[in-house]
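**Q** here is my input; please provide its structure:
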Amino acid sequence: MTKTIVALALATAFAVPAFAEDAAPAPAGPHTFTGNVGLVSDYVFRGISQSQHNPAIQGGFDYAHSSGFYLGTWASNVSWVNDTGFKKNSSLELDLYGGYKWGFAPDTTLDLGVLTYIYPGTKVAGMPDTDSTEIYAGLSWKFLSLKYNHTVSSNLFGWVSPTGGKSKGSGYIDLSANYEVAEGLTLNGHIGHQKIKNFSAASYTDWKLGVTKDLGFGSLAIAYTGTSGKGSCSPTGAEAYCWNGKDVSKDRVVVSFSKTF
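**A** Purely as a prediction, here's the structure:
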């Protein structure tokens, strides 16, 4: 979820009777606060449906300092934690993140940070914890970005090997491009690979191709996503991405509308 940060400006005016003049805008302050809200036909994260192919409503808030330091939070409804039996009464994903980004060459930015995924609910006895933490490093140049996330919590999203091995040390690498082909129309492309430590059957590659249109009052996007993940729900044996009787790794088209304010 990349979020656009816009500057807030304050303006002051000084009036002289009969000779009022327009005052110059005050310079933008060092603090920036933004929010975002969105509606998606399917919450797809790293190519995998988090909402069992159902719609989701999402939103978050961000703070950025002119030095490059930032903090944020983001949330969405999900169903996989409850449906797969990890927790009871769990239908929310809450993300908390923070980091530092800076430009060190023309059009080039380095981004370092930490991200925690929290899934409120009552943990089922004997099940691994789904709450996860990653550290990340990202490099962007113009319309291209490369990012790596590394799991530092005991497990990533509750994954454990068939013999109980933990998934700490899992990693996700993401190469993305967002190229404006016309005013307000951006072509989106992405390829990524998720490695699940100690569980190769759950590792996979994912991809996305889509377009985003700035409508002025918000952005409309449509994308085709797919993965190499295995999600067959055959009666003879369900694969890693068969969750509650559904293949959450299969190719699909996702439509979304979002607004940043």
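**Q** okay, now N89: neighbour count?
**A** Residues contacting N89 under the criterion other CB atoms under 10 Å number 10. For the C-beta atoms, the positions are set from N, CA and C on the backbone; glycine is no exception.
**Q** repeat that for the one 3 residues further on.
**A** Neighbours of L92 under the rule other CB under 10 Å: 15.
**Q** same deal with W80?
**A** Neighbour tally, W80, other CB under 10 Å: 24.
**Q** quick check: it vs N149, distance?
**A** 19 Å (CB to CB, to the nearest Å).
**Q** also F217?
**A** 33 Å.
**Q** who's more crowded, these two?
**A** N149 (22 against 7).
**Q** all helices for the stretch 51-200 of the chain, in order.
**A** In the stretch 51-200 of the chain, helices defined by DSSP state H, counting those that start in this stretch lie at 80-83, listed in chain order.
**Q** in it, which spans are strands?
**A** Secondary structure of the stretch 51-200 of the chain by DSSP state E, counting those that start in this stretch: the strands cover 56-65, 69-77, 87-88, 92-105, 108-118, 122-123, 132-141, 144-151, 171-182, 185-195.
**Q** so how far is E134 from L185?
**A** In terms of CB to CB, L185 sits 32 Å off from E134.
**Q** higher neighbour count, the two?
**A** Shown here are L185 and E134; by other CB under 10 Å, E134 has more neighbours (20 against 12).
**Q** wait, G85 sits on V124?
**A** Yes - checked against CB atoms under 8 Å, the pair G85 and V124 is within contact range at 5.9 Å.
**Q** and the spatially closest residue to H65 that is not a sequence neighbour, how many residues sit next to it?
**A** Nearest non-adjacent residue to H65, counting by CB to CB, 6 or more residues apart in numbering: P30, 5.7 Å away. Close neighbours of P30, defined as other CB under 10 Å, add up to 10.
**Q** where does pLDDT dip in the protein?
**A** 1-27 (pLDDT under 70).
**Q** please report the distance of the residue nearest to S51 when sequence neighbours are not counted from G29.
**A** Excluding its sequence neighbours, the residue lying closest to S51 (CB to CB, 6+ apart) is Y43, at 4.2 Å. Going from Y43 to G29 by CB to CB gives 34 Å.
**Q** neighbour-wise, which of those two wins?
**A** Comparing Y43 with G29 by neighbour count (other CB under 10 Å), the higher total belongs to Y43, at 25 against 12.
**Q** assess the claim that the more buried one and A75 are in contact.
**A** No - judged on CB under 8 Å, Y43 makes no contact with A75 at a distance of 11.1 Å.
**Q** between these two, which contacts overlap?
**A** Residues within reach of Y43 and of A75 at once, by CB atoms under 8 Å, 6 or more residues apart in numbering, are Q58.
**Q** which ones are touching W80?
**A** Contacts of W80 by CB under 8 Å, 6+ apart are S49, Q50, S51, Q52, W243, N244, V248.
**Q** tell me how many other residues crowd F33.
**A** 11.
**Q** phi and psi next, for the residue nearest to S51.
**A** phi -80, psi 100 (degrees, to the nearest 10).
**Q** I'd like to know which of the contacts of W80 is nearest to G231.
**A** V248 (6.0 Å; CB to CB).
**Q** which non-adjacent residue is nearest the closest one?
**A** S49 (4.2 Å).
**Q** who are the neighbours in contact with that neighbour?
**A** Contacts of S49 by CB under 8 Å, 6+ apart are D42, Y43, W80, K246, V248, S249, R252.
**Q** ok, so what distance separates the last one from Y43?
**A** Okay, so that is R252. R252 sits 11 Å away from Y43, going by CB to CB.
**Q** now the fourth one
**A** Taking CB to CB as the measure, K246 and Y43 are separated by 13 Å.
**Q** same check, this time on A223
**A** Distance, A223 to Y43, using CB to CB: 13 Å.
**Q** likewise for I173?
**A** 21 Å.
**Q** same check on P162?
**A** In terms of CB to CB, P162 sits 27 Å off from Y43.
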